[in-house]
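Novice: A predicted structure for the sequence below; I have some questions about it.
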Amino acid sequence: MQNIYGFHCLLFLVICRTGVCQSLPKTEVDALLAFRELSSTLQTLWADVDSDPCQWTGLLCNSSPHIVAIDLSGRAIEGKIPPALGSLTQLVRLNLTSNSFYGILPIELGNLLLLQILDLSTNSFSGPIPDSIGNCSNMALLNLSWNSFSGSIPATIGDLQHLQYLCLDYNQLSGPIPTEIVRLANLTSLSISGMMINDTIPEYIFNLTSLTLFSATACSLIGSIPTSIGNCPNLTYLTLSNNLLTGEIPPELGRLSSLVLLDLSVNTLTGPIPDALGDASNLADFFAAANYLTALPAFGPGRFESLEHLILPSNRLSGSIPEGFGLMQRLTTVMLSRNKLSGPIPASIGQLRAVTSLDVSYNNLSGSIPASIGNLTSLVDLHLHANLLEGPLPDGIGNLSSLQTLWLYQNRLAGSVPASFGGLRQLETFLLHNNLLGPTLPAEIGQLSQLTSLYLNQNNFSGPLPEGLGSLTRCSILRASDNQFSGPLPSDLGGMTQLTQLDLSRNRFNGTIPNGLGRIPLLYQLDLSGNLLSGTVPDDLARMPLFSLDLSDNCLWGINPFD
C-alpha cells in the first residue's frame with residue numbers, strides 16, 4: 001500500500017506557515033476545537049488554542065489552507081469523534097489507529113468526499129458502520145479492524161469504487177457479505193476475520209479478480225470451499241482457518257500461481273490433499289492442522305518446490321511418507337504429528353537441508369531412524385516420539401549442532417546412546433524415556449551444558465550414572481527411574497544447582513546418599529525409592545522443605561525426613 005500512504009509519511013509536515021498564507025476557514029477551526037473538547041488527551045496535545053492549527057501535532061495543511069490529513073495514531077488518546085469533523089471537507093487522510101476512541105461513528109463522516117484513507121483500527125468504536133460511508137467515493141483504504149462495530153456490512157460499501165484495501169477484522173459484525181462488494185473492481189485486500197457470517201463462502205467473492213488477500217478466519221463459515229476460488233489469478237494470501245468448512249480441498253487451488261500462503265486450519269475438511277495443489281508453484285506456507293484430511297499429496301519433481309512450511313498435525317493422514325518428500329528443498333518447518341502415518345521415515349528426508357523443525361510424532365511410523373537425518377544440520381527441533389521406531393540411534397544425530405529439542409520417547413529404540421551426542425552443545429530438552437535403550441549412558445552426556453531436561457526413565461540402562469552429570473548446571477529435571485542403573489550415586493549430583501525434580505527410583509543404586517543433594521536450593525521433588533541405598537539420610541536433605549520426598553524401599557536410617 002505504499003502508493004496510498006506515500007505522501008502522508010511526514011506526521012508533522014506543515015506547508016501552511018503562519019503569516020505566509022491565509023488562516024484556516026472557521027468551520028475547520030471549529031471542527032478541530034469540537035474534536036479537542038471531547039478528549040482530555042487532545043486538550044493537552046493541542047494546548048495552545050491561539051496558535052495556528054496547522055502547527056498542531058498530527059495535522060497537515062495544504063497551501064489554501066485546508067486540513068488535508070490528521071494522523072494521531074498510537075498516542076493513547078481517549079475520546080469520541082464529533083459530528084463536526086464532517087466539516088473538514090478537504091480531508092484526504094484520517095488515521096486514528098491504536099488509541100482509545102469510543103462511541104459511534106457520526107454519519108457526517110460521509111461528507112468527507114475527498115477522503116482516501118480512513119484508519120480507525122484498534123480502538124473501542126461501537127455501533128453500526130454508517131451507510132454514509134459509501135459517499136466517500138475516493139476511498140482507497142478503509143481499516144476498521146479491532147473495534148466493537150456491530151450490525152452488518154452496509155451495502156453502500158459497494159459505492160467505494162476506488163477501494164483497494166478493506167479490513168473489518170475482529171468486530172461484532174454479523175450477517176452475509178453484501179453482494180454489492182462485487183462492484184469493487186480495484187479491491188486487492190479483503191479481511192473480515194471474526195465476523196459472524198454463519199453461512200457459506202459466497203461465490204461472488206471470487207469474481208473480484210484483483211484480489212490478492214482474502215482473510216476470513218473465525219467467521220463460522222459452513223459448507224465447502226467454492227471451486228470458483230480458482231478464478232482469482234492474483235490471490236496471494238488465503239486464510240479460512242477456524243471455521244466449520246466441510247468437503248474436500250478443491251483442486252482448483254492449484255491454478256493460483258501467485259498463491260504464497262494457504263491456511264485452512266481448524267475446520268472439518270475431509271478427503272485427500274489434492275495432488276493439483278502442487279501446481280501452485282509459489283506456495284510457501286500450507287497450514288491445514290486439525291481437520292479430517294486422509295492422505296498426503298504426491299510430492300515429486302516440479303511440485304511444491306517453493307514450500308517452506310508444511311503444517312498438517314491432527315488430521316487422519318494415513319499411508320507412508322513418500323520418498324519424493326525430500327525434493328522440497330526449501331522446507332524449513334514440517335509438522336505431521338498426530339496422524340496415522342505408517343511405514344519408514346524415508347531416507348530422502350536427509351535432503352531437506354534447510355529444515356529447522358521436524359515433527360512426525362504420534363503416528364505409526366516404523367523401522368529405524370535413517371542415518372541421513374544426520375545431514376539436517378539446520379535442525380533446531382527433532383520430534384520423532386510416540387511411534388513404532390526401532391533399532392539404534394544414528395551416530396550422525398550428534399552432528400546436529402544447532403539442535404535444541406530432541407524428543408525420541410515412546411518408541412522401541414535400542415542400543416546405547418552414541419558418544420557423539422556429546423556434540424549437541426545447544427540441546428535443551430533430551431527425552432528418551434519409554435524405549436529399550438541401553439546398556440550404557442556415555443560420559444559425554446555431561447558435555448550438554450545447555451540441557452534443562454533429561455528423561456532416561458523406562459529403558460534398559462545399566463551400570464553407573466556417569467560422573468559428568470554434575471556439570472549440567474542448567475538442568476532442572478532429571479528422570480532415570482525404571483532402569484538397571486547400579487553403583488553409588490555420583491558424588492557431583494549436588495553440582496546440578498538448578499535441579500527441581502530428581503527421580504532415580506526403581507534402579508539398583510547402592511551406597512550412601514551424597515551430602516551434596518541436600519544443598520540443591522531449588523529441589524522440591526526427590527524420589528530415590530526402590531534402590532539398595534544404605535546409611536544415614538544426610539542432615540541437610542532431611543531438613544529441606546521438599547514438596548515430595550520418597551526414600552522408601554531402601555536400607556536408610558537416621559533422621560526422619562518427614563519431621
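Specialist: The structure has been received and is ready for your questions.

Novice: Could you list the low-confidence segments of the stretch 1-150 of the chain?
Specialist: For the stretch 1-150 of the chain, applying pLDDT under 70 flags the ranges 1-22.

Novice: Would you map the strands across it?
Specialist: For the stretch 1-150 of the chain, applying DSSP state E, counting those that start in this stretch gives strands covering 59-61, 67-71, 78-79, 93-95, 100-103, 117-119, 124-127, 141-143, 148-151.

Novice: what lines up beside the longest one in the sheet?
Specialist: Spelled out, that is strand 67-71. Using DSSP bridges, strand 67-71 pairs in its sheet with strand 59-61 (antiparallel), strand 93-95 (parallel).

Novice: Is it possible to get JSON lines of those strands that adds mean neighbour count and distance to Pro178?
Specialist: Yep, even glycine has a C-beta here, placed from its N, CA and C like the rest. Listed next are the strands paired with strand 67-71 as JSON lines, based on neighbours: other Cβ atoms under 10 Å; distance: least, Cβ to Cβ, whole Å:
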{"stretch": "strand 59-61", "mean neighbour count": "23", "distance to Pro178": "33"}
{"stretch": "strand 93-95", "mean neighbour count": "21", "distance to Pro178": "23"}
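
Novice: looking at those, which is closest to Val537?
Specialist: Across these, Val537 has its closest neighbour in strand 93-95 (69.2 Å, Cβ to Cβ).

Novice: How far away from the center of its chain is that closest one?
Specialist: Between the centre of strand 93-95 and the centre of its chain there are 31 Å (Cα atoms, centre = their mean, to the nearest Å).

Novice: just stretch 42-49 next, same as before
Specialist: 41 Å.

Novice: just stretch 37-57 next, same as before
Specialist: Offset of stretch 37-57 from its chain centre (Cα atoms, centre = their mean): 41 Å.

Novice: Pull up the distance across that stretch, start to finish.
Specialist: 16 Å (Cα to Cα, to the nearest Å).

Novice: quick one: Gly530 from Asn387, how far?
Specialist: From Gly530 across to Asn387, the span is 29 Å (Cβ to Cβ, to the nearest Å).

Novice: typed the wrong thing, it's Tyr102
Specialist: 53 Å.

Novice: When those two are compared, which one has more neighbours?
Specialist: Asn387 (24 against 15; other Cβ atoms under 10 Å).

Novice: which ones are touching the nearest residue to the more buried one once chain neighbours are set aside?
Specialist: In space, and not counting its chain neighbours, Asn387 is closest to Leu365: 4.2 Å by Cβ to Cβ, 6 or more residues apart in numbering. Neighbouring residues of Leu365 by Cβ atoms under 8 Å, 6 or more residues apart in numbering: Ile321, Leu341, Ser342, Gly343, Pro344, Ile345, Leu384, Asn387, Leu388, Leu389.

Novice: As CSV, those residues with secondary structure, distance to Ser121 and pLDDT would be great.
Specialist: Below are the contacts of Leu365 laid out as CSV (DSSP: H, G, I helix; E, B strand; the rest coil; distance: Cβ to Cβ, whole Å; pLDDT from 0 to 100):
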residue, secondary structure, distance to Ser121, pLDDT
Ile321, coil, 43, 96
Leu341, strand, 42, 98
Ser342, strand, 47, 98
Gly343, strand, 49, 98
Pro344, coil, 50, 97
Ile345, coil, 45, 98
Leu384, coil, 43, 98
Asn387, coil, 45, 98
Leu388, strand, 50, 98
Leu389, strand, 49, 98
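
Novice: how many neighbours does the nearest residue to Asp199 once chain neighbours are set aside have?
Specialist: Among residues not flanking Asp199 along the chain, Pro176 sits closest, at 5.8 Å (Cβ to Cβ, 6+ apart). By the other Cβ under 10 Å criterion, the neighbourhood of Pro176 contains 13 residues.

Novice: pretty sure Pro176 contacts Met195?
Specialist: No: look at Pro176 against Met195 with Cβ atoms under 8 Å: they stay out of range, at 9.8 Å.

Novice: Just grab the bridge partners of the residue nearest to Asn387 for me.
Specialist: Gly343.

Novice: how much space between it and Ile345?
Specialist: Distance, Leu365 to Ile345, using Cβ to Cβ: 6 Å.
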